[in-house]
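**Student:** Test case, fold it:
(one chain, ligands or ions: 1)
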Amino acid sequence: MSEILSLAGKVAVVTGASRGIGRAIALEFGRRGAAVIVNYHRSAEAAEAVVAEIATAGGQAAAFRADVSLAEQASALIAFAVETFGDLHILVNNAGVTRDMLLMMMPEEDWDVVVNTNLKSTFLCSKAAVKYMLRKRSGRIINIASVAGQMGNPGQTNYSASKAGQIGFTKALAREVAGRGITVNAIAPGLVETDILQSMPAGALEAALKLVPLGRLGRPEEVAWAAAFLASDAAAYITGQVLGIDGGMAMM
Ligand code: NAP
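**Tutor:** Numbers count the residues shown, from 1 in each chain. Below you'll find the predicted structure:
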C-alpha cells in the first residue's frame with residue numbers, strides 16, 4: 001500500500017457498518033490501518049463479526065449501537081470514537097434504508113423514517129464530528145448518497161429526496177469547512193449487491209440493470225475502494241464532489 005493511500009493512525013466512524021456497503025468500507029479502512037468504529041442499529045452479531053474480522057487481520061475496531069437518526073445517539077457515537085481511540089479523522093455517513101411506495105400511497109411514517117435515517121443522520125453525525133475536526137483543522141466526511149438522488153426513481157420519492165438532500169448538504173458543508181482543512185464529499189452508488197436490493201419489486205432490478213452501461217451490479221468493495229481513496233491523503237484537494245460508483249448509470 002503506497003503511503004499516500006494508507007489510513008494508518010486515523011480514527012474512522014462508519015455508520016451502518018454491520019452489513020453491505022458500510023461493512024465493506026469498515027473492512028477496507030481497517031485493512032489500510034485505520035482504527036474503526038463499526039456503528040450498527042439492529043445487527044449486533046454482524047457488527048461484532050466485522051470487528052472480529054478487522055482484529056484478526058491485525059487492525060483495531062470497536063462496535064457501537066446507535067440509531068443515528070436520533071440526536072443523542074448520534075452524538076454518543078462520535079463521543080465513543082473519541083473516548084475509545086482518542087481522536088476522530090474520518091466520518092462516513094453510510095446508514096440508510098428504503099421504504100418504497102408510490103407517492104399517493106406513501107404513509108407519512110415511511111417518509112419520516114427514510115428521510116430521518118438517511119438525511120437527518122448525516123446532519124446529526126456531521127455536526128457532532130465537525131466539532132472535533134474544526135479544532136484540529138483537518139478531517140474527512142464522506143456521505144453515501146445514491147444515483148436515486150441524481151436521477152430520481154419512481155416509487156422512491158422519500159429515498160430520492162433524502163439522497164438529493166445529502167448531495168446538497170455535502171456541497172454546502174464543503175464550502176463551510178474548507179478553510180479549516182476539512183473535506184466533504186459524496187459517493188453516489190448505483191445498483192450494489194447488498195440486502196437493500198431485496199426490497200425491490202420483482203422485475204424492477206432487471207429493468208434497472210438495463211440502465212447500467214457496464215451491465216452488472218456493483219460490489220460493496222467497489223464502493224469501499226472509492227471511500228478509502230476519498231479518506232486518504234491522496235484526496236486532499238477534492239471537496240464538494242459527488243463520485244458516481246454506478247457502472248455508468250448516471251453520468252452527471
Ligand atoms: P444494507 O445492506 O441494507 O445496510 C444498511 C445498513 O444501515 C445496516 O448496517 C443497518 O444496520 C444500517 N442502519 C439502518 N438504519 C440505521 C439507523 N437508524 N442507525 C444506524 N444504522 C442503521 O444497505 P446498503 O446497500 O449497504 O446501503 C448502504 C448505503 O448505501 C445506504 O445509505 C444506501 O442508501 C446507499 N446505497 C446503496 C445502494 C445499493 O444498491 N446497495 C445504492 C445506492 C446507495 P443494522 O442492520 O444494524 O440495523
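**Student:** For the closest residue to residue 225 other than its chain neighbours, which three-state class applies?
**Tutor:** Of all residues not flanking residue 225 in the chain, residue 28 sits nearest, at 6.6 Å (C-beta to C-beta, 6 or more residues apart in numbering). To be clear about C-beta, it is placed using only N, CA and C from the backbone, and glycine gets the same treatment. Secondary structure, DSSP: H, G, I helix; E, B strand; the rest coil: residue 28 is helix.
**Student:** Quick check: residue 28 touching residue 220?
**Tutor:** No. Contact between residue 28 and residue 220 fails when scored by C-beta atoms under 8 Å: they sit 9.4 Å apart.
**Student:** More neighbours: these two, which one.
**Tutor:** Neighbour totals were compared for residue 28 and residue 220, and residue 28 leads with 24 against 19 (other C-beta atoms under 10 Å).
**Student:** Contacts only, for that one.
**Tutor:** Contact analysis of residue 28 by C-beta atoms under 8 Å, 6 or more residues apart in numbering lists 221, 224-225, 227-228.
**Student:** From those, keep the buried residues only.
**Tutor:** Neighbour-count burial (16 or more other C-beta atoms under 10 Å) is assigned, among the contacts of residue 28, to 224, 227-228.
**Student:** pLDDT score assigned to residue 251?
**Tutor:** With respect to pLDDT, residue 251 has a value of 95.
**Student:** burial measure for the closest residue to it other than its chain neighbours, as a count.
**Tutor:** The shortest distance from residue 251 to any non-neighbouring residue, by C-beta to C-beta, 6+ apart, is to residue 244 (7.4 Å). Per other C-beta under 10 Å, the neighbour tally for residue 244 reads 20.
**Student:** Tell me the residue of the stretch 51-200 of the chain that sits nearest the ligand?
**Tutor:** residue 96 (2.2 Å; C-beta to the nearest ligand atom).
**Student:** Once you drop chain neighbours, what's closest to residue 79?
**Tutor:** Leaving aside its sequence neighbours, residue 79 is closest to residue 128 (7.5 Å, by C-beta to C-beta, 6+ apart).
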